[in-house]
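A.B. asks: structure here, sequence nowhere to be found:
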């Protein structure tokens, strides 16, 4: 892949389930003509503000792999660092969950996490556990046995859990697995149903930190094995939306990353965020990655202006339903954006970023 150029260009089924239920048939089709997207994304944005995140040594993150807004808190996870950092709405640090280790209250990895009204749930595939911590203070509560391997986890609207396991070419776990990509469980991790069966030898050509995003509409799921988008809205409700990229991957080449990049095919580079009537996502185009907004009401597809960074959208990490949030911890990138018209932060936020602090970039839309 030629590289992530979003910032630089800103400068510039059937289902097989335990109960034998069937997936909802395709309810609509989205045609995404990436090549001819307009450059009017900024017209959606009403204002941009900056929220400095309190800076303490144990709260430092390399980046944000997953972002959740719940219980009046922002939860930011860095899987490489093995920590989850929680801030309140004013950016004050509430607690840091950094319990990596071999003890009974610790995890060997954070592969994913989810948050409900009471608890944080941490997926540790090394120990085949989900560790449960208090969502308000990060204190350990209990441990659940995980009966499968999961790359991502989310809370469904009915309060149950949904997990995703995506097979990779050279990443098969050394344990016996039921060959399904989606598992829905109750709060004690008892499997309720399984969806998206796959066959031996089927795998995704590329992975990602998260396969789910949560929205007011439900839990969104995509993966590299298909261009379709799925929305889990309730107990047995699965909405399927067929997505057609103008330069989509031919089926016979879908597992060959080299050919995919060589031919510049379009594919989801992340799981879209469903925000109000908009789908915000990153897509590969000619080997580069760009951010787009799709208006589900009128079918308009927009992207950032390639030269003018005025009201430019930095790749969002999540939403609270009212705002979109991006994470910024690079002062040099910020300076370059400012030179090309990006909204300037106040002096306090600028100094915070300059001294290796981090900001949430808060977007309010029209």
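C.D. replies: Perfect, thanks for sending it. What you see is a predicted model; the values in this text were computed from it and never measured. Residues are numbered from 1 along each chain as shown.

A.B. asks: for this protein, which segments are assigned as helices?
C.D. replies: Applying DSSP state H to the chain gives helices spanning 6-11, 257-263, 331-339, 347-354.

A.B. asks: quick one, the third one and helix 347-354 angle?
C.D. replies: For helix 331-339 against helix 347-354, the angle between stretch directions is 140 degrees (axes from the mean of the first three to the mean of the last three Cα atoms, to 10 degrees).

A.B. asks: which strands and helices sit next to helix 331-339?
C.D. replies: The criterion is 3 or more Cβ pairs under 8 Å, 6 or more residues apart in numbering; DSSP states H and E, and the helices and strands that helix 331-339 contacts are helix 6-11, helix 347-354. For every residue, glycine as well, the C-beta is placed using N, CA and C.

A.B. asks: now the last one: buried residues?
C.D. replies: Residues of helix 347-354 classed as buried under the neighbour-count rule (16 or more other Cβ atoms under 10 Å) are 349-350, 352-353.

A.B. asks: not counting that helix itself, show me its contacts.
C.D. replies: The list of residues contacting helix 347-354 from outside it, by Cβ atoms under 8 Å, 6 or more residues apart in numbering, reads 50-52, 55, 328-331, 334, 344-345, 359.

A.B. asks: what about those residues, which are in strands?
C.D. replies: Members of the contacts of helix 347-354 lying in strands (criterion: DSSP state E): 50-52, 328, 359.

A.B. asks: nearest to residue 173, of those residues?
C.D. replies: The closest of the ones in strands among the contacts of helix 347-354 to residue 173 turns out to be residue 328 (Cβ to Cβ; 35.2 Å).

A.B. asks: number of residues surrounding that closest one?
C.D. replies: Neighbourhood size, residue 328 [other Cβ atoms under 10 Å]: 20.

A.B. asks: quick one: contacts for the closest residue in space to it that isn't next to it in sequence?
C.D. replies: Closest residue in space to residue 328, ignoring its immediate chain neighbours: residue 359 at 4.8 Å, by Cβ to Cβ, 6 or more residues apart in numbering. Residue 359 is in contact with 50-53, 327-329, 345, 349, 352-353, counting by Cβ under 8 Å, 6+ apart.

A.B. asks: could you export these as CSV, including distance to residue 79?
C.D. replies: As requested, the contacts of residue 359 are arranged in CSV below (distance: Cβ to Cβ, whole Å):
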residue, distance to residue 79
50, 25
51, 23
52, 24
53, 18
327, 14
328, 19
329, 16
345, 28
349, 26
352, 25
353, 23
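
A.B. asks: tell me the one of those nearest residue 29?
C.D. replies: Taking Cβ to Cβ as the measure, residue 29 sits nearest to residue 327 out of the contacts of residue 359, at 32.8 Å.

A.B. asks: tally of neighbours for that closest one?
C.D. replies: Applying other Cβ under 10 Å, we find 21 residues neighbouring residue 327.

A.B. asks: can you get me a residue count around residue 117?
C.D. replies: Residue 117 has 9 neighbouring residues, counting by other Cβ under 10 Å.
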